[in-house]
Each structure stands twice: as C-alpha cells, then as structure tokens.
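Chemist: coords please:
(one chain, ligands or ions: 3)
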Amino acid sequence: MPTLVIEGSQWGDEGKGKITDYYSQGADVVVRSQGGNNAGHTITINGEKFALRSIPSGIFNPKTKNILANGMVINPKQLLEELHTLESRGITDYKLYISNRAHVVLPYHEILDGLYESFKGNHKIGTTKRGIGPCYSDKANRIGIRMGSFIDEDEFLVALDEALKIKNEELRMFGISPLDKMEIFNEYKAYAMEIKKFVCDTSILIEDEIEKGSKILFEGAQGVMLCIEHGTYPYVTSSSPTASAVPLDSGIAPRYIDNVLGICKAYTTRVGEGAFPTEIEGNLASYIRERGHEYGTVTKRPRRIGWIDAVSLNYARRVSGINYLALMLLDVLSGLDEIKICYKYELDGKAIDYVPSTIKELERVKPIYLTMPGWNDDITNIKKFEGLPENAKAYIKKLEELTKTKVALISVGPDRKQTIEIMNIF
Ligand code: GDP
Ligand code: IMO
Ligand code: MG
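Modeler: Ligands and ions are numbered 1, 2, ... in the order given. Modelled structure (predicted):
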C-alpha cells in the first residue's frame, strides 16, 4: 500500500517517532501535517538517541523527502535549532520541504500561552507552553502569519505590524509591556532567510509523489484523545491529530489515504491535566514509569500512568479511522503478576462502552477491568510473535478482540530493531 498514516491513539507519546522511523527505511516521503514543537518524537538507531520536535522522523534517510505541511504551526527559531543539532550530529544529507501555507509561531504566542495558563489557575490545561494554542487561535482569527509571507521581508513587516497592534493590546491587558516590532523583525528575518530555501507548495509536491506511486508516510503528532474535536476537551491540543484531518492538513484528497496505524502503548500515559479513567498511582505506576522512562521529551514532566483502556481505543478507532494497531512498549510490562485491560466504564452505577462528551462525566467514570495473567520473561530480543510468552500473546489477542482491530506491529524496545512485524501494511 503506498500511503500509511501513523497516528497516536491515546494521549500522545505512544512511540509514533519510533514507528515512523522504522517504516521510513522504505518510504519516499514522510509528512508531518499538524501540531508543532509541542511534539517530541524519540528515535533510537543502533543505540543512538534522537529527539525530534517539528522535523519528520524520515530525516535520517537521505533519500526520503520530509515535508512540514500546511496544517503545522512552525517556530522558525526552534526549527533551525533542531536542524543545527541534527547537522552537528552528522545528519547533513537530508531532504526538507516546508509548506508556504503553514503558520509561524512568534514570540507573542509563547508568552500568551504561559499567561493563559497562569490565569486559568486550577483549570490550567498543562500545555507545553510552546505557543501552539495562541498560534492556531490567530490562524482562526485571521491574524496569523504564514510561511509564504514570513519569507518575504516586506510582507512579513506589514503582517507583523498588523498582528502586533492586536497582540500588544492583549499583552497590555495582562500587564505585560508591549513587544518591539523591529526587534522581532530583525531577529526573525534572519531565520526567514535561512528557512526560505525549504519553503514551497507542498500540496503539489505530495500529489506529484502520489501520482508517481511513491510510498508516503503521514507521521501523526499528539494522539486522538488530545484532538480539538474528539479529545477530552478542553484538556486537549489545538489541532486534530486524527487521520481524518490528514488530507485537509496536507492538501490532498481523502481518497489517497490507504491505511491508518494507531500507535498504542501496552498501557496508557498522559502528560498535562484532564480526566484519565484508568490512571494508577503508587508503586505500580512507579514501576511502569521507571521501566518505560516515562518522562516528557519536551517538558521532562513525569508522565501520568494507567492501564490500557479499550473503551477509549475503540472510540479512537471510530472517530479517526484506525484500521491497524501497533502495540508499543510491551517489554515494560514484563515482571507484573497481572495486567488489567479496561473494557467498560461505570457511569453513575451504569456500565457504558463509550467515552462521555463532558469532562464532568468522564471524571466520574470508573474503569471496569478484565484481569489477565502477566509474564516474567525479558522479551526485548524476541523477533517473532510466536516467540512471545503465552500470556503476552493472550493479552494481545484479547486487546484485538476488545478494540476490533488487528495488531500489525509489536514493539519490545526503543530501538528500530526491537520491532516484531506481524503484518506487512506498508
Ligand atoms: P511519540 O511522541 O509518540 O513519538 O513518543 P515519544 O518518543 O514521546 O515517547 C515514546 C518513548 O518510548 C520514547 O522514549 C521511545 O524511545 C520509547 N519507546 C518506543 N517504543 C518502545 C518500546 O517498545 N519499548 C520501550 N521500552 N521503549 C520504547
Ligand atoms: P507527541 O507528538 C503528549 C499535550 C500537553 C497538554 C495538551 C495541550 O510527542 O505525542 P499544547 O502545548 O499542545 O497546547 O498542550 O496537549 N500534548 C502532548 N502530550 N505528547 C504530545 O505530542 C503532546 N502535544 C501536546 O501536554 O496536555
Ligand atoms: Mg512524544
């Protein structure tokens, strides 16, 4: 199949970077279509670890075209830092393209992100404070600045002047001194000049590749439960990490999406605030957190830990078009006597099998668990499904049944090589 969407099916950090890198060996193109440097994708190649934020995970393959598409919000300063870090580590032979329609994250977006959070107090979202929400708000408000204007000095100055008229008023309301237009302009025009060579109409590029029959990966960021439409609103990000949004956010027809691989941990994690029905605490959570190194790539915050939640996975499958799952970090569960799978919620005394729409209801649900026996073996070097412990196989089969989705890949360690391919879907 020529196209595959790699999509987070939980609350992000499921291992999308690892799987995109795994498949990118055979991909002609890797596209990031939404989000920005709120994402942190970790890739381990022969023991060497890389953390990517805005750059697609195909960057390590010199032949792969890496595209930052129109639905992204891009911080030029951070993007260049990321690129320079890669170059300093020997990644100098790469192909990078940036959409002229992607929006630019500017200093006032980051400042406002922090201010909104501090004014929300107890109701803060726990954002990454990278200015993602304020940048998408400006896009919807039609005062955003797109890459095409950013790389044209005259247009950038005019657009910045217009935006700052409003943004400085907003900052004044929060008691913050206004930002100096020329200071931002002079700093950012240098970034624009450096980025200019990568900027083009990426929709044309992707369609040309599709027509040639190229193999294309769409690398998701965040996860379905953080979707602005279908996630646990308002504790979500400001874009849609679903496969449904990929055509819009990359400028292609929906009919070009062949398969959607939902990336899913063998348990669940969440960073930031918001309801989390299967959350666990204490020694068990610490065991999983330490074995899985569950600390944020971007903010280093300890991730909240929970059992796997088949109710929300089924929901993610329905609203976002997942037709296969990649089960990640299965190795982390080794050594547990028993493993739980949430297959229903109890809401006010009634068993339900859907995700309620309001946070108040979601906060009230209690998980109903099925308990499966665990395994003790180290599985990090297993290469085939048949080689897994019987209890691990039974766990995977049960999950397939509850989520109505086939597991195509199993990951038993962070390295590219620690991947068990059950089905060939790309
Ligand atoms: P992403 O945002 O979805 O790309 O995921 P992150 O990179 O933020 O978080 C996933 C973490 O799990 C990273 O530290 C990966 O190196 C690590 N990882 C991925 N797959 C596995 C696995 O199968 N086992 C273990 N132990 N770690 C893994
Ligand atoms: P990857 O691609 C995990 C979360 C934040 C916060 C909420 C809103 O690495 O899976 P934002 O800064 O986007 O306005 O924050 O979304 N969040 C993520 N959590 N992984 C991510 O990306 C995330 N990107 C945003 O923690 O709860
Ligand atoms: Mg991440």
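Chemist: check whether the helix or strand containing residue 360 comes near ligand 2.
Modeler: Taking DSSP states H and E as the criterion, the element that holds residue 360 is helix 359-364. No: using CB under 6 Å from any ligand atom, helix 359-364 never reaches ligand 2; the gap is at least 13.0 Å. Bear in mind the C-beta positions are built from the backbone N, C-alpha and C, glycine included.
Chemist: show me what counts as buried in that helix.
Modeler: Residues of helix 359-364 classed as buried: residue 362 (neighbour count, 16 or more other CB atoms under 10 Å).
Chemist: downstream of it, the next helix or strand is which one?
Modeler: The helix or strand immediately downstream of helix 359-364 is strand 366-373, counting by DSSP H and E.
Chemist: and the nearest residue to residue 356 once chain neighbours are set aside, what does it touch?
Modeler: Excluding the flanking residues, the one nearest residue 356 by CB to CB, 6 or more residues apart in numbering is residue 362, at 5.2 Å. By CB atoms under 8 Å, 6 or more residues apart in numbering, the contact set of residue 362 is 232, 275, 277, 355-356.
Chemist: and which of those residues is nearest to ligand 3?
Modeler: Nearest to ligand 3, judged by CB to the ion, of the contacts of residue 362 is residue 232 at 17.5 Å.
Chemist: any idea how far residue 321 is from ligand 3?
Modeler: 21 Å (CB to the ion, to the nearest Å).
Chemist: any idea how many residues pack against that residue?
Modeler: Residues near residue 321, counting by other CB atoms under 10 Å, number 19.
Chemist: hmm, it is touching residue 259, no?
Modeler: No: counting by CB atoms under 8 Å, residue 321 stays clear of residue 259, with 9.4 Å between them.
Chemist: joint contacts of these two?
Modeler: Going by CB under 8 Å, 6+ apart, residues that sit against residue 321 and also against residue 259 are residue 5.
Chemist: if you count neighbours, what's buried in the one helix or strand in the chain whose mean pLDDT sits lowest?
Modeler: Least confident helix or strand, the chain: strand 41-45 with a mean of 92, by mean pLDDT, DSSP states H and E. Buried positions in strand 41-45, judged by neighbour count with 16+ other CB under 10 Å: 41-44.
Chemist: number of nearby residues for residue 366?
Modeler: 15.
Chemist: so it is in contact with residue 344, correct?
Modeler: No: at 9.8 Å, residue 366 and residue 344 do not qualify as touching, with contact defined as CB under 8 Å.
Chemist: show me where the stretch 151-300 of the chain has its strands.
Modeler: Secondary structure of the stretch 151-300 of the chain (DSSP state E, counting those that start in this stretch): strands at 199-200, 216-219, 259-265, 268-270, 279-280.
Chemist: mind checking which of those strands is nearest residue 192?
Modeler: Residue 192 sits nearest to strand 199-200 of all the strands of the stretch 151-300 of the chain, at 9.0 Å, using CB to CB.
Chemist: neighbouring strands for the closest one, and are they parallel or not?
Modeler: Using DSSP bridges, the neighbouring strands of strand 199-200 in the sheet come out as strand 95-99 (parallel).
Chemist: and the next helix-or-strand element following the partner strand, what does it pack onto?
Modeler: Sequence-wise, the next helix or strand downstream of strand 95-99 (DSSP H and E) is strand 103-104. If you count contacts as 3 or more CB pairs under 8 Å, 6 or more residues apart in numbering; DSSP states H and E, strand 103-104 packs onto strand 73-74, helix 132-141, helix 147-150.
Chemist: and residue 225, which of these is closest to it?
Modeler: Across those, residue 225 has its closest neighbour in helix 132-141 (16.4 Å, CB to CB).
Chemist: is ligand 2 contacted by that closest one?
Modeler: Yes: Helix 132-141 lies within reach of ligand 2 by CB under 6 Å from any ligand atom, at 132-133.
Chemist: returning to that earlier point: need the helices and strands packed on strand 103-104 in a markdown table with distance to residue 14, mean neighbour count and mean pLDDT, can you?
Modeler: Listed next are the helices and strands packed on strand 103-104 as a markdown table, based on distance: least, CB to CB, whole Å; neighbours: other CB atoms under 10 Å; pLDDT from 0 to 100:
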| stretch | distance to residue 14 | mean neighbour count | mean pLDDT |
| --- | --- | --- | --- |
| strand 73-74 | 21 | 26 | 98 |
| helix 132-141 | 19 | 20 | 98 |
| helix 147-150 | 29 | 22 | 98 |
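Chemist: which stretches of this structure form helices?
Modeler: 16-24, 76-88, 107-120, 132-141, 147-150, 153-173, 181-195, 202-212, 246-250, 282-291, 310-320, 359-364, 390-403 (DSSP state H).
Chemist: residues making contact with the first one?
Modeler: The set of residues external to helix 16-24 that reach it, using CB under 8 Å, 6+ apart, is 4, 6-8, 30, 41-45, 52, 56-58, 60-61, 64, 217, 219-221, 261, 263, 326, 328, 409, 411, 414, 416, 419, 426.
Chemist: now the buried members of those residues.
Modeler: Here, 16+ other CB under 10 Å leaves 4, 6-8, 30, 41-44, 52, 56-58, 60-61, 64, 217, 219-221, 261, 263, 326, 328, 409, 411, 414, 416, 419, 426 buried among those.
Chemist: so how far is residue 334 from residue 376?
Modeler: Residue 376 is 6 Å from residue 334, where distance means CB to CB, to the nearest Å.
Chemist: ok, the two, which is more surrounded?
Modeler: The neighbour comparison of residue 376 against residue 334 (other CB under 10 Å) goes to residue 334, with 17 against 11.
Chemist: pretty sure the more buried one contacts residue 381?
Modeler: No: judged on CB under 8 Å, residue 334 makes no contact with residue 381 at a distance of 11.9 Å.
Chemist: chain center to stretch 11-24: distance?
Modeler: 9 Å (CA atoms, centre = their mean, to the nearest Å).
Chemist: may I have that stretch as PDB, with CA atoms only?
Modeler: Only the C-alpha atoms of stretch 11-24 are listed here, as PDB (Å, rounded to 0.1, in the frame of the first residue of the first chain):
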ATOM      1  CA  TRP A  11      -2.800  10.900  24.800                       C
ATOM      2  CA  GLY A  12       0.400  11.200  22.800                       C
ATOM      3  CA  ASP A  13       3.900   9.800  23.300                       C
ATOM      4  CA  GLU A  14       2.900   6.300  22.100                       C
ATOM      5  CA  GLY A  15       6.000   5.800  20.100                       C
ATOM      6  CA  LYS A  16       5.000   7.400  16.800                       C
ATOM      7  CA  GLY A  17       8.500   8.600  16.100                       C
ATOM      8  CA  LYS A  18      10.000   5.100  16.500                       C
ATOM      9  CA  ILE A  19       7.400   3.500  14.100                       C
ATOM     10  CA  THR A  20       7.700   6.300  11.500                       C
ATOM     11  CA  ASP A  21      11.500   5.800  11.600                       C
ATOM     12  CA  TYR A  22      11.000   2.100  11.300                       C
ATOM     13  CA  TYR A  23       8.900   2.400   8.200                       C
ATOM     14  CA  SER A  24      10.800   5.400   6.700                       C
END
